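>>> generate a structure from the sequence data that follows.
(4 chains)
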Number of protein chains: 2
Amino acid sequence: MRSTAAGAAHEETAAKEKLLNAATDLFTRRGYSATSVREIVAAAGVTKPVLYYHFGSKEGIYRAIMDLTQEAFNVRLEKVRRRGGPAGKKLQSLLEEVFDLFLERLSVVRLIFAIYYGPHQGAPDFDFNQFDEAFRKSVLEIVREGVKSGEFRKGRAEDMALVVMGTFSVATELELSHAGRGIGRNGLARLLRLVLNGIAYQGGKVRAQ
Amino acid sequence: MRSTAAGAAHEETAAKEKLLNAATDLFTRRGYSATSVREIVAAAGVTKPVLYYHFGSKEGIYRAIMDLTQEAFNVRLEKVRRRGGPAGKKLQSLLEEVFDLFLERLSVVRLIFAIYYGPHQGAPDFDFNQFDEAFRKSVLEIVREGVKSGEFRKGRAEDMALVVMGTFSVATELELSHAGRGIGRNGLARLLRLVLNGIAYQGGKVRAQ
DNA sequence: GTCTATATTGAGATAGAC
DNA sequence: GTCTATCTCAATATAGAC
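This next block holds a predicted model:
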């Protein structure tokens, strides 16, 4: 399964992919500055010029990792935006799309976290908040639709969006730290339903959904 | 300038604290292994033997940072556990207690995240999952009380606990990345209420809380 | 040119005076 | 409790033999 962007499934792509994977892994495990171009090409099983041909520099491959991920991320968000249906379902689709991407690119996510939270290590600047902002915006948009249509309660849509994001956050965190032993797609869907319906006893019936 | 003898207890504490703060800051910004004892003592305005007197080693001061934080964390959890009242209120207290601690020790939290998500950098082993586990356990305990008493819906208490933790997570994340421009204690309380009552329109009145 | 022996440096850690 | 001065040790850098 050739998942990563770049399209064509040629040999050229194979080297590119191997380089991207090797670099992602090494940057994460040893840090950006501590990783040498030599190590990357060795791990990828290619020679230095191959890296420089495709990415121009160490910084170039780093940017490629981030740009490709961001692009894939935006594609998923856009995909859901075009979808119709009730807001609850759209939220579920959104979370699932992003969650799937998250799982597909767990190693990149680790790298992002390492750079974002870790010491700066001379890594090129990259605005990681874009991910969060784009996600937030998408969630908020759907929440607003839901409020407007009466599907959701009246209230601060911003707060609702945050709660949904928190739900996503806890599901991803479990995957990150307990590697594969998280609650998965289905667990995430369950949590979302819980958030929509509320934890507290509402006095009457428990909504089916 | 150097007041010898009559070493008042407050002087002692001052040096210790300054060392802890300096080390926390440097470990976070530059990484554990990249930070030298020299830098720490210089930043704290003391000399090397002071560090070795209080903490025994570089690893010692690192452990002290973590141990003190963990202890403070457990104290807060215990404090809430002894409290009575409805589960919803207890959850709120719990989140607020932990959130306050989080804000008080933002710099330590940054360090924990940096070590947890970043490259290992030779930092001493420390089981950061203890924080999460203890927190999870406390939340779960309260959720179970709530379900038992009929205050909360019947259902997977584990899921409910996760949703509550996600709510906490998103509030803290905002403080971490937008430094001081987060939603604060009150925002967190709002989010919790939302989670308890649900986002979706329930058919009847909106619960007052 | 390469190899081995010897500085040099900078790290964590300590001794003993005050 | 804190200081000055010093130690041990490893990684690196360099010199000079071969």
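
>>> domain parsing for chain A?
A:1-56, A:59-209 (automatic domain parsing).

>>> tell me if the longest one is near DNA strand C.
No. Under the criterion of C-beta under 7 Å from any atom of the strand, DNA strand C is not reached by domain A:59-209; the shortest gap measures 14.9 Å. Every residue, glycine included, has its C-beta placed from N, CA and C.

>>> who touches the closest residue to A:Lys154 other than its chain neighbours in this structure?
Once its chain neighbours are removed from consideration, A:Lys154 has its nearest residue in A:Val147; the separation is 6.2 Å (C-beta to C-beta, 6 or more residues apart in numbering or on different chains). Contacts for A:Val147 were tallied using C-beta atoms under 8 Å, 6 or more residues apart in numbering or on different chains; they are A:Arg153, A:Lys154, A:Gly155, A:Ala157, A:Met160.

>>> hmm, B:Pro119 and A:Tyr117 touching each other?
No. Taking contact to mean C-beta atoms under 8 Å, the distance of 11.2 Å between A:Tyr117 and B:Pro119 leaves them out of contact.

>>> and these two? which has more neighbours close in?
It is B:Pro119, of A:Tyr117 and B:Pro119, that has more neighbours when counted by other C-beta atoms under 10 Å in any protein chain shown, with 24 against 21.

>>> before we move on, what SS does the more buried one have?
For B:Pro119, the secondary-structure state derived from DSSP: H, G, I helix; E, B strand; the rest coil is coil.

>>> how close does it sit to B:Phe99?
Spatial separation of B:Pro119 from B:Phe99 under the definition C-beta to C-beta, to the nearest Å is 29 Å.

>>> before we move on, what about A:Leu140?
Summarising the geometry, the distance separating A:Leu140 from B:Phe99, computed by C-beta to C-beta, is 23 Å.

>>> same check on A:Val163?
Spatial separation of A:Val163 from B:Phe99 under the definition C-beta to C-beta is 15 Å.

>>> what does A:Ala200 give?
Relative to B:Phe99, A:Ala200 is positioned 21 Å away (criterion: C-beta to C-beta).

>>> one more: A:Asn129?
Distance, A:Asn129 to B:Phe99, using C-beta to C-beta: 22 Å.

>>> give me the more crowded residue out of the two.
More neighbours sit around B:Phe99 than around the other of A:Asn129 and B:Phe99, counting by other C-beta under 10 Å; the figures are 21 against 12.

>>> which SSE is that one in?
Element membership for B:Phe99 (DSSP states H and E) is helix B:87-104.

>>> which strands and helices lie in contact with that helix?
Secondary-structure packing of helix B:87-104 (3 or more C-beta pairs under 8 Å, 6 or more residues apart in numbering or on different chains; DSSP states H and E): helix B:58-81, helix B:129-149, helix B:157-177, helix B:184-197.

>>> now flag whichever of the contacts of A:Val147 is closest to A:Leu103.
Using C-beta to C-beta, A:Met160 is the member of the contacts of A:Val147 that sits closest to A:Leu103, with 25.1 Å.
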